[in-house]
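Novice: Curious how this folds, go ahead:
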Amino acid sequence: MELGSILRSAREAAGIGLREMARRTHFAASYLSLIETGRRPVTVEVVTAYERTLGRDAIVGGVANDDGLATLEWMRRVSGSDIGSGNLERLEAAVDDLAAAYPTTRPDQLLAQVDQYLGLAARMMDGKKTLAEYRRLVVAVGWMSLLAGTCQIDLGLPLAAAGRLRLARAIGDEAGHPEIVGWCLETSAWSRLIARDYAAAVELSRAAQAVAPDTSSAHIQATAQEGRALARLGDRGGTYDALRRVARLVAGLRTPDRPEHHFRYDPAKSDSYVATTLAWLGDPAAETYARHVLTELVGSARTRPRRIATANIDLGLALVAADKPDEAADVTLTAVTSGRLVPSNFWRVTEVVTGIERRDPPDAAGIREALRDLYR
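Specialist: As a prediction, this is how the structure comes out:
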């Protein structure tokens with residue numbers, strides 16, 4: 001006997017009419033009629049409502065074979081949960097809080113916090129949950145694994161980061177979440193950029209753009225990343241094309257509710273990426289952009305010390321290109337002594353110092369010494 005017929009038989013055996021059943025279960029009578037006659041699939045919610053009204057034995061007793069009992073048992077498992085929506089919502093909120101803390105928290109400290117929440121998620125994974133809760137939990141783990149990989153890149157741990165990113169990408173694929181997959185590819189591109197494998201960075205950036213939704217933060221960030229990698233390769237035409245595409249993507253884009261959130265693109269970041277990209281390309285306009293970005297960051301109501309430090313590095317590189325080694329040394333030393341650099345920034349500082357060294361060896365030596373003293 002089909003499950004719909006079992007529900008109807010149990011209802012009729014209890015002497016309850018269809019309209020009364022609809023009143024007790026809060027489903028429309030017409031909908032229940034379709035369920036009972038097999039014209040609509042039986043849902044978990046309907047079975048649960050019938051069991052609550054008629055008693056579980058009334059439903060199970062109407063099942064004539066083991067297959068039917070197995071179906072009912074799986075439906076109950078799908079509908080049952082030990083997690084609780086409140087706990088899951090708190091975990092999802094923690095994911096956003098951790099991503100928002102990224103610009104202002106030391107990567108080792110943030111990584112420790114992320115791992116604590118991943119441990120909590122693992123315990124939740126062991127509990128009974130609905131399919132919907134399972135997907136939400138898996139997506140939260142995907143975002144946290146991605147953030148953990150990002151922290152490990154900052155800490156100069158590319159192999160460990162690669163493992164985290166592989167996990168996050170597998171989760172994104174399984175959960176059908178293209179933005180997580182896009183961010184994984186974009187973050188891998190950034191890692192290859194740091195490793196000076198610029199061709200791979202371009203390839204990964206383009207793969208991220210192909211996967212991530214066109215208007216998503218991951219797509220915009222990957223486009224900007226492509227431009228930076230092309231600048232390193234000396235591809236001026238490709239670099240300017242990427243910058244134009246970013247400009248079109250962010251035109252009219254509103255500032256997100258939490259602009260400090262690492263995975264939500266803040267339009268204010270656009271000028272920072274332009275400054276970096278033009279500095280790497282050796283474009284004289286880089287100095288103007290870098291000064292503008294630094295002025296905006298320093299005057300902003302939101303304190304962003306790590307971005308200020310990297311903006312000083314960008315300005316330092318632009319000043320080296322403009323043959324202003326003294327000022328380049330000043331702003332680079334400011335970035336170093338801020339204490340806000342992370343290992344993924346060191347190669348950029350070294351590049352600026354190398355440029356300063358050609359004109360002013362003592363200043364360059366002073367910056368190297370400060371770098372060694374502060375970031376052993």
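Novice: moving C-terminal of the longest helix along the chain, what's the next helix or strand?
Specialist: The single longest helix within the chain, with elements called by DSSP state H, is helix 131-154. Using DSSP states H and E, the helix or strand that follows helix 131-154 in sequence is helix 158-175.
Novice: ok so, going back, the inter-axis angle of the longest helix of the chain versus helix 158-175?
Specialist: Per axes from the mean of the first three to the mean of the last three Cα atoms, to 10 degrees, the angle that helix 131-154 makes with helix 158-175 is 160 degrees.
Novice: got any ranges where this structure has weak pLDDT?
Specialist: 1, 60-85 (pLDDT under 70).
Novice: how's it carved up into domains?
Specialist: Domain assignment for the chain by automatic domain parsing gives 3-79, 270-376.
Novice: Mean neighbour count and distance to His261 for those domains - can I get that in JSON lines?
Specialist: Heads up, the C-betas are built off the backbone N, CA and C, glycines and all. Output for the domains of the chain, formatted as JSON lines (neighbours: other Cβ atoms under 10 Å; distance: least, Cβ to Cβ, whole Å):
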{"stretch": "domain 3-79", "mean neighbour count": "16", "distance to His261": "33"}
{"stretch": "domain 270-376", "mean neighbour count": "19", "distance to His261": "12"}
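Novice: how about a markdown table for those, with distance to Tyr240 added?
Specialist: Shown next, in a markdown table, are the domains of the chain (distance: least, Cβ to Cβ, whole Å):
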| stretch | distance to Tyr240 |
| --- | --- |
| domain 3-79 | 53 |
| domain 270-376 | 9 |
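Novice: Just give me how far the longest helix of the chain sits from the chain centre.
Specialist: From the chain centre to the centre of helix 131-154 is a distance of 8 Å (Cα atoms, centre = their mean, to the nearest Å).
Novice: quick one: Thr43 from Arg19, how far?
Specialist: Noted for Thr43: a distance of 20 Å to Arg19, by Cβ to Cβ, to the nearest Å.
Novice: same deal with Gly339?
Specialist: Gly339 is 72 Å from Arg19, by Cβ to Cβ.
Novice: hmm, who's touching stretch 191-210?
Specialist: Defining contact as Cβ atoms under 8 Å, 6 or more residues apart in numbering, one finds that stretch 191-210 is touched by 153, 158, 161-162, 182-186, 188-190, 218-219, 221-223, 225-226, 228-230, 232-233, 344, 347.
Novice: Just the buried ones from these?
Specialist: Buried by 16 or more other Cβ atoms under 10 Å: 153, 158, 161, 182-186, 188-190, 218-219, 221-223, 225-226, 228-230, 232, 344, out of the contacts of stretch 191-210.
Novice: and those, which of them are in strands?
Specialist: Among the buried ones among the contacts of stretch 191-210, none falls in strands (DSSP state E).
Novice: mind listing the helices in the stretch 151-300 of the chain by residue range?
Specialist: For the stretch 151-300 of the chain, helices defined by DSSP state H, counting those that start in this stretch occupy the ranges 158-175, 178-194, 198-211, 217-232, 236-250, 269-281, 285-299.
Novice: Only the buried residues of the first one, if you could.
Specialist: Within helix 158-175, the residues scored as buried using 16+ other Cβ under 10 Å are Pro158, Ala160, Ala161, Arg164, Leu165, Leu167, Ala168, Arg169, Ile171, Gly172, Ala175.
Novice: do the third one as well
Specialist: By neighbour count, and taking 16+ other Cβ under 10 Å as the criterion, the buried residues in helix 198-211 are Tyr198, Ala200, Ala201, Val202, Glu203, Leu204, Ser205, Arg206, Ala207, Ala208, Gln209, Val211.
Novice: Next up, the contacts around the nearest residue to Gly227 once chain neighbours are set aside.
Specialist: On the basis of Cβ to Cβ, 6 or more residues apart in numbering, the spatially nearest residue to Gly227 that is not a chain neighbour turns out to be Ala242, at 3.2 Å. Listed by Cβ under 8 Å, 6+ apart, the contact set of Ala242 reads Thr223, Ala224, Glu226, Gly227, Leu230, Thr277.
Novice: okay, those residues in TSV with distance to Arg11 next?
Specialist: Output for these, formatted as TSV (distance: Cβ to Cβ, whole Å):
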residue	distance to Arg11
Thr223	58
Ala224	60
Glu226	61
Gly227	65
Leu230	68
Thr277	68
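Novice: From these, pick the one nearest Ala322.
Specialist: Thr277 (16.3 Å; Cβ to Cβ).
Novice: Quick check: the closest one touching Ala231?
Specialist: Yes - Thr277 is within contact range of Ala231, at 4.9 Å (criterion: Cβ atoms under 8 Å).
Novice: what touches both of these two?
Specialist: Common contacts of Thr277 and Ala231, defined by Cβ under 8 Å, 6+ apart, comprise Thr239.
Novice: on that earlier part again, quick one: the longest helix of the chain to helix 178-194, angle?
Specialist: Using the same axes, to 10 degrees: helix 131-154 against helix 178-194 is 10 degrees.
Novice: Quick check: buried residues in helix 131-154?
Specialist: 133-134, 136-154.
Novice: List the contacts of stretch 36-52.
Specialist: Contacts to stretch 36-52, defined as Cβ under 8 Å, 6+ apart, come from residues 2-5, 7-8, 10-11, 18, 21, 24-27, 31-32, 34-35, 58-59, 72, 75-76, 78-79.
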